[in-house]
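Participant: Got a sequence here, can you model it:
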Amino acid sequence: MTVRQLAAVLGAEYDPLTGEQITPNERQMAKASMLGLGFTKTVSGVTRVSDDVLVAIEKKYGKEIAKKIETETYFRVEGGGTGTKSSLNRISVNSDQTISINSGCSGQLCVSTNGPSHALYYLSEKRPDGKVVVFEIDKALHQKILSEAIPQKPIPGIARDPNAPKIVDESKGQPSINLELPKVWDRLLEEKSSKARVLTKKEFEIEYRK
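Facilitator: Model prediction:
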C-alpha cells in the first residue's frame, strides 16, 4: 500500500507527497484493502494506522510526511438562511491555511467530520446559499475529541463534563459525525489545523457530491 493509499484510508484530502487531491473513488478502493495492512477500526468506526506503519513511513519519507498522513477533514457550514436560521461566521482562514476561531461568539462551535454528508445535508436543508470551511486537524486531536465526546441527551445518573464535545443531530447526514465543541477546544483546533479553505455551496457540491 502506497503513502497515497494510506492517506486515502485515513481521510486525508491530499496526497502528502505530491499535494494532489485524492478522489472519492481512490478512498473507497483503499479502504476496501485496509484490513491486515496496518489499520485498525475504533468503536466509532474511525480508522487509524498502527504505530509500526507510521514509523516505517517516517523512516522512508521523514516526519513531515508521516504527520501529514495523520490528519482528519472537518467541515463547518457558515452563513446561509436568514435571521436566526443563519450560522455565525466563526472560523477565518489564515494566510498559512490554519484557522482562527472567533471565541467571542455565544454558543458552541458546530462542526462535522467523517465525510461531507452532514455538511451537504445542512447546506441543502438548513443553510441555503451558505459556505463551507473545510480544514484538516491532526489525527491525534481528532481521536481525542471522539474519545471524550458525549451524547447530546443526558444519561440519567451519569455526570456530564461541561467541556466535553457533544455528538448531535445523529439522525441527519449520516455517516458524518456532527459535533458541538465548547470553547476550550478552540485553541487546540487552531494549533492543529492545516489546509483550510472556504468553498461556496456550488463549489462544495461539485467537489463532494459524488
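Participant: Pro165 and Phe135, how far apart?
Facilitator: 16 Å (Cβ to Cβ, to the nearest Å). Glycine gets a C-beta too; all of them are placed from N, C-alpha and C.
Participant: same question but for Ser87, I mixed them up
Facilitator: 16 Å.
Participant: More neighbours: those two, which one.
Facilitator: Taking neighbours as other Cβ atoms under 10 Å, Ser87 and Phe135 compare with Phe135 leading, 25 against 17.
Participant: So the more buried one: helix, strand or coil?
Facilitator: Using DSSP: H, G, I helix; E, B strand; the rest coil, the structure places Phe135 in strand.
Participant: wait, it sits on Asp96?
Facilitator: No - with contacts counted by Cβ atoms under 8 Å, Phe135 stays clear of Asp96, the gap being 11.9 Å.
Participant: so the residue positioned nearest the centre of the chain bridges to which residues?
Facilitator: Central residue of the chain (Cα atoms, centre = their mean): Tyr74, 2.4 Å from the mean position. Taking DSSP bridges as the rule, Tyr74 bridges to Thr113, Phe135.
Participant: Then the one 4 residues further on?
Facilitator: Bridge pairing for Glu78 (DSSP bridges) gives the partners Lys131.
Participant: Number of residues surrounding Lys172?
Facilitator: 15.
Participant: repeat for the one 4 residues further on
Facilitator: Residues lying near Ser176 (other Cβ under 10 Å) number 21.
Participant: From here on, call the first residue 762.
Facilitator: OK, 762 is where the count begins now, so the last one is Ser937.
Participant: list the contacts for it?
Facilitator: Phe836, Ser873, Thr874, Asn875, Gly876, Pro877, Ser878, His879, Ala880 (Cβ atoms under 8 Å, 6 or more residues apart in numbering).
Participant: Setting aside sequence neighbours, what's the nearest residue to the first one?
Facilitator: Read it as Phe836. Distances taken as Cβ to Cβ, 6 or more residues apart in numbering place Ala880 nearest to Phe836, at 4.0 Å, with adjacent residues excluded.
Participant: same thing with the second one?
Facilitator: In space, and not counting its chain neighbours, Ser873 is closest to His879: 4.1 Å by Cβ to Cβ, 6+ apart.
Participant: how close does the one you found get to Arg958?
Facilitator: His879 is 18 Å from Arg958, by Cβ to Cβ.
Participant: The two - which one has more neighbours?
Facilitator: Legend: neighbour count by other Cβ under 10 Å for His879 and Arg958, higher for His879 (26 against 12).
Participant: and the helix or strand that contains that one, average pLDDT?
Facilitator: Take DSSP states H and E as the rule and His879 turns out to sit in helix 878-886. Mean pLDDT, computed over helix 878-886, is 89.
Participant: Please apply the same query to stretch 824-844.
Facilitator: Stretch 824-844 comes out at a mean pLDDT of 77.
Participant: Rounded mean pLDDT for stretch 962-969, please.
Facilitator: For stretch 962-969, the per-residue pLDDT averages 89.
Participant: same deal with stretch 786-799?
Facilitator: Averaging pLDDT along stretch 786-799 yields 65.
Participant: From Ala769, how far out is the nearest residue to Pro923 once chain neighbours are set aside?
Facilitator: Distances taken as Cβ to Cβ, 6+ apart put Pro943 closest to Pro923, at 6.8 Å, once the chain neighbours are dropped. When distance is defined by Cβ to Cβ, Pro943 is 32 Å away from Ala769.
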